[in-house]
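Peer 1: Curious how this folds, go ahead:
(3 chains)
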Amino acid sequence: MNEIKEKLLKPSKETHQDQIGHLISLVCIGFIGILVVAILFFITTKGLATFTTNHVSVIDFFAKSDWSPSQKGPNGKPEVGALAMIVTSFAVTLLSAILATPFAIAMALFMTEIAPKRGQKILQPVIELLVGIPSVVYGFIGLMVLIPMVRTVFGGTGSGILPATIVLFVMVLPTITSMSVDALKAVPRDYRSAALSLGATRWQMMYKVVLRAATPGILTAMIFGMARAFGEALAVQMVIGNAVLMPTSLTSPTATLTSQLTTQMGNTIMGTLPNNALWTLALVLLVMSLVFNVIVKLIGKRSAFKK
Amino acid sequence: MKINAKKINKLAIGTIWALVSVVVLILIFLLGYILVTGLSDISWKFLTSTSSSISAGGGIRDQLFNSVYLLVLTIIISLPISLGAGIYLAEYAKDNWITTLIKTAIEVLSSLPSIVVGLFGYLILVIKFQLDYSILSGAIALTIFNLPLLTRSVEDSIEEVPKLQREAGLSLGLSKSKTIVGVVLPLAIPGIITGVILSSGRIFGEAAALIYTAGQSAPIVSYTDWNPFSPSSFLNPMRPAETLAVHIWKLNTEGIVPDAHIVSSGASAVLIIVILIFNLSSRFFGNWAYRKMTGTTRKKRG
Amino acid sequence: MSFGKKGITALILSCGFLALALTACGSSSATKAQNGNKITAVGSTALQPLVEQASREYQVDHPHVNVNVQGGGSGTGLSQIQQGAVNIGNSDVFASEQPGVNAKELVDHKIAVVGIAPVANKRVGVKDLSMKQLEQIFTGKVTNWKQVGGNNVKIVVINRVEGSGTRTTFEQSVLKGQKAVNAQQQDSNGTVQQIVSSTPGAISYLSFPYLNQKTQEISIDHVTPTDQHVENNDWKIWSYEHMYTKGKPVGATKDFINYMLSDKVQKRLVKQIGYIQVQNMKFEKNADGHVQKIK
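Peer 2: Below is the predicted model of the structure:
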């Protein structure tokens, strides 16, 4: 009697299993959480040292564009102004994402709506190969092919925001495309049949129904693409020109946060101002991507269709 | 009105075709450029001899193996974690601020510049945990930015599995976790494999995060020593390992060998070919796994 | 259904294995470092190929010693050796030139001498400049090749990255304390070579091993950039490649540095790579750039 009662009152084997499963997945997500916190903490403490230990003015850092932390400037203090790099980073990121998104959406529509079978077969490997080409090779092809082309068309040295944008466009394309495909696939079939049965053309169905429904997903895709553009260092560094100057045109040599970080990091001594200033650039990168994330979250919330 | 809509339809679809062809052309150009400049330099000797620091005629044997080994190790570390995390987000996470925070955290992780990840790995893994410049340090650094990509693709693939499948599992009296692992996960596997391929491509080409973690030199290792704890064994995860991408980067920047350009273009071509082979085989494997786990052939999905 | 259990067990197992592997490897590496049979040399990318090649040949004779050579830049090398995290810190610059480094703790071993030469695009029409002209170009006072006897092409200055050994040496010898014009910067010899060879009007500087047909090397006051001229200090722009140890080197590290200074490396590899042997130098330079004849 008691045995049966106990058995009935005790949690079942299935409940146990479920608890274990839940726990494992919780541990994994917890691990990622801890990792993010650790990196954030690490970069924040390192990045703030410029202001706390080296007493660089925060306003100067964001408002001035003279960057030479290892030499004394005219006022006897090292010049640590990151504005030019911040502007350039923003410019290449936004421009490449704006350029890549129409292509990515076209690819995604092609793969999900227009020619699902053939599209998938041909374009999936295209995307994967584009991801697979190492950034160094992108940079090198940019240097060998793109820069001479830009130079003949626009004059100047050929390096600057324009070639960087083009290189990044190709590099972020796969990220945005594959995530847009996921977003389009997540739109229920019924939506499409409903639209078509109401007499919509295929384009009307895609534009008015599928794309609308997938907007938050596509925006997330853009963010991920921008994130890649933002963080890309080696390829950009080869074509941007690496002159810490405010960009005056799309083809004037300038520098991004990442290009500065890569070229200088090995030449600075840990704990000194030039090194701390670079970590501050890394912190800026981090904060900027946080801001991007928040903006997209807000846009996503306002979208009419929610998955 | 109707004619107008049809015209727009045609125009729009034509535009899509045009944009897609531009992308395909870009890829063909890139591949053509890499393969044409590189293919003629690939020989059996190039693939099987060690690299050279000063004189011409170096090969890429060790770099090629290191790239593959690093990729495998990274996937071994990151796949279980992102499986768990992806399952949590798709199945257990409630729609509240904590979940939003976690999702944002993952997006932040993916937007970290790889150079920052590399330096973080350098200071924490190489110096603090004394893992030295090693394959393991490199694999952990790569895991950091592989996790968000993989977690997302796991989450998406699981969410894509129809609700009915779960209900069927649960109504049979299975526990939720058993339903997930036994019913939902097998259906999500093709999607997950696509995610793994996409992220593998990135790992394969990654250089910035590895320069300071896995290192930039390839000591000569013995391929007959199968003891992973022996310092000269090719399986030892504690040895420094220059990967193919890092090798290309080094050749293009400070390469002092007279044939730096040739070795670099040859190595780029090899890299692309390996990725091609890898894609094909894992796609094949994905379909095979799907059949094995569900007892059906994989249906084309919308 | 059995897959479910297996899957979960596999997951747990792999996590466990990973933790195990991590700890096992962590401890094994710690013991290895204490054994003294492992030499880690980190730093200058310019010195890396030489040390790497030498270490391979060294390990043939000393199979029990494990030499690990890494790049990362001179700054990294000096930071690391200062913290005692590595055995040897490779650097293109004197440790005392770098702020934040306590040079007194470090022992300098000069491995080789490297010459640096200005290079220009092949179509600028100039093969020789005076030191003054060179200085004016890099400080931005001269902006067209016409002004120094060349074609009518705008001068595009490609500088090296601040803090890099090549730039520090170049500015010490050419600019003598003046600030360089804010221009494009590249951090590697390979990229500079590529950009100078393809950009009309470009000027930059390269270390001797990278001088070749792609770019026009520029002589200064009619002195050509050759090894002999560096040895006699007729060519002024040169510097040392250093290996730093924390305190006097001991054990395997000492043995390896001696190997680097031996004829086996100096007479063959140093030459092959395009550097100049230290013992051939008739002059020496200190950290402030002061040059004196060796008696």
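
Peer 1: quick one: the residue of the stretch 51-200 of chain C found nearest chain B from B:P190, how far?
Peer 2: Across the stretch 51-200 of chain C, the shortest distance to chain B (C-beta to the nearest C-beta) belongs to C:S188, at 3.4 Å. C-betas here are computed from N, CA, C, even on glycine. Counting by C-beta to C-beta, to the nearest Å, the gap from C:S188 to B:P190 is 42 Å.

Peer 1: Show the low-confidence segments of the chain, by residue range.
Peer 2: You didn't say which chain, so I picked chain A. Along chain A, segments meeting pLDDT under 70 span A:1, A:73-74, A:299-307.

Peer 1: if you could check chain C rather than the one you did, that'd help
Peer 2: For chain C, the stretches flagged by pLDDT under 70 are C:1-36.

Peer 1: What parts of it come near chain A?
Peer 2: For chain C, the residues in contact with chain A (C-beta under 8 Å from any C-beta of the partner chain) are C:8, C:11-12, C:45, C:71-76, C:78-79, C:82-83, C:98-101, C:156, C:161-164, C:179, C:182-187, C:191, C:194-195, C:198-199, C:202.

Peer 1: Among those residues, the buried ones, what's the PyMOL command?
Peer 2: A single PyMOL command suffices to select whichever of the residues of chain C next to chain A are buried according to 16 or more other C-beta atoms under 10 Å in any protein chain shown:
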select buried, chain C and resi 8+11+45+71+72+73+74+75+76+78+79+82+98+100+101+156+161+162+163+164+182+183+184+185+186+187+191+194+195+198+199+202
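
Peer 1: Restricted to strands, list the residues of chain C next to chain A.
Peer 2: C:71-72, C:156, C:184-186, C:202 (DSSP state E).

Peer 1: among those, which two are most distant?
Peer 2: Across those, no pair lies farther apart than C:G72 and C:V156, at 29.4 Å, counting by C-beta to C-beta.

Peer 1: What count of nearby residues applies to the closest residue to C:A46 other than its chain neighbours?
Peer 2: Residue nearest to C:A46 in three dimensions, not counting chain neighbours: C:D92, with 5.5 Å by C-beta to C-beta, 6 or more residues apart in numbering or on different chains. Counted with other C-beta atoms under 10 Å in any protein chain shown, residues neighbouring C:D92 total 26.

Peer 1: Thought C:F283 was touching C:Q292, still the case?
Peer 2: Yes. If you go by C-beta atoms under 8 Å, C:Q292 and C:F283 touch, sitting 6.7 Å apart.

Peer 1: Between these two, which is the more surrounded one?
Peer 2: Under the criterion of other C-beta under 10 Å, the comparison of C:Q292 against C:F283 puts C:F283 first, with 16 against 10.

Peer 1: following the top helix by length along chain A, which helix or strand shows up next?
Peer 2: Longest helix in chain A, counting residues (DSSP state H): helix A:13-52. Going down the chain from helix A:13-52, the next helix or strand is helix A:58-63, by DSSP states H and E.

Peer 1: Tell me the first helix or strand C-terminal of that following helix.
Peer 2: Using DSSP H and E, the helix or strand that directly follows helix A:58-63 along the chain is strand A:67-72.

Peer 1: tilt between that next one and helix A:13-52?
Peer 2: Angle, strand A:67-72 to helix A:13-52, by axes from the mean of the first three to the mean of the last three C-alpha atoms, to 10 degrees: 50 degrees.

Peer 1: Give me the residues contacting strand A:67-72.
Peer 2: Contacts to strand A:67-72, defined as C-beta atoms under 8 Å, 6 or more residues apart in numbering or on different chains, come from residues A:78-82, A:84-85, A:244, A:260, A:268, A:273-274, A:277, C:99, C:162-163, C:179.

Peer 1: got it, and stretch B:260-270?
Peer 2: Counting by C-beta under 8 Å, 6+ apart, A:134, A:137, A:140, B:34-35, B:37-39, B:41-42, B:46-47, B:51, B:58, B:60, B:63-64, B:244, B:247-248, B:251-252, B:255, B:257, C:190 sit against stretch B:260-270.

Peer 1: For B:A267, grab the count of nearby residues.
Peer 2: B:A267 has 28 nearby residues by other C-beta under 10 Å.

Peer 1: Helix or strand: which one has it?
Peer 2: Remark: B:A267 resides in helix B:260-294, with elements defined by DSSP H and E.

Peer 1: Not counting residues beside it along the chain, what's closest to A:P148?
Peer 2: C:S198 (6.0 Å).

Peer 1: what are the ranges of the strands in chain A?
Peer 2: For chain A, applying DSSP E gives strands covering A:67-72, A:78-80.

Peer 1: what's the most buried one of those?
Peer 2: Of these, the one with the most neighbours on average (mean count of other C-beta atoms under 10 Å in any protein chain shown) is strand A:78-80, at a mean of 21.

Peer 1: which helices and strands does that one pack with?
Peer 2: Contact partners of strand A:78-80 among helices and strands, from 3 or more C-beta pairs under 8 Å, 6 or more residues apart in numbering or on different chains; DSSP states H and E: strand A:67-72, helix A:273-302.

Peer 1: For the stretch 51-200 of chain A, what lies in contact range of chain C?
Peer 2: Residues of the stretch 51-200 of chain A lying close to chain C (C-beta under 8 Å from any C-beta) are A:68, A:70-71, A:143-144, A:147-148, A:151, A:157-159.

Peer 1: Drop anything exposed from those.
Peer 2: By neighbour count, with 16+ other C-beta under 10 Å, these hold A:68, A:70, A:143, A:147, A:151, A:157-159 as buried.

Peer 1: for C:K282, phi and psi?
Peer 2: Per-residue torsions, C:K282: phi -100, psi -10 (degrees, to the nearest 10).

Peer 1: related to what we said a few turns ago, ok and the longest helix of chain A relative to helix A:273-302, angle-wise?
Peer 2: Angle of helix A:13-52 versus helix A:273-302, following the same axes, to 10 degrees, is 130 degrees.

Peer 1: Give me the residue at the spatial middle of the chain.
Peer 2: Went with chain A since none was named. Against the mean C-alpha coordinate of chain A, by C-alpha atoms, centre = their mean, the closest residue is A:A227 at 0.8 Å.

Peer 1: right idea, wrong chain: chain C
Peer 2: Central residue of chain C (C-alpha atoms, centre = their mean): C:A46, at 3.0 Å.

Peer 1: contacting residues for the closest residue to B:T48 other than its chain neighbours?
Peer 2: Setting aside the residues directly before and after it, B:T48 is nearest to B:R61 in space (C-beta to C-beta, 6+ apart), at 5.3 Å. When contacts are counted by C-beta under 8 Å, 6+ apart, B:R61 is found next to B:47-51.

Peer 1: Kindly recompute the last result at 7 Å.
Peer 2: Counting by C-beta atoms under 7 Å, 6 or more residues apart in numbering or on different chains, B:R61 makes contact with B:47-50.

Peer 1: Contact residues of the stretch 1-150 of chain B facing chain C?
Peer 2: B:53-54, B:76-77, B:80, B:84, B:127, B:129-133, B:136 (C-beta under 7 Å from any C-beta of the partner chain).
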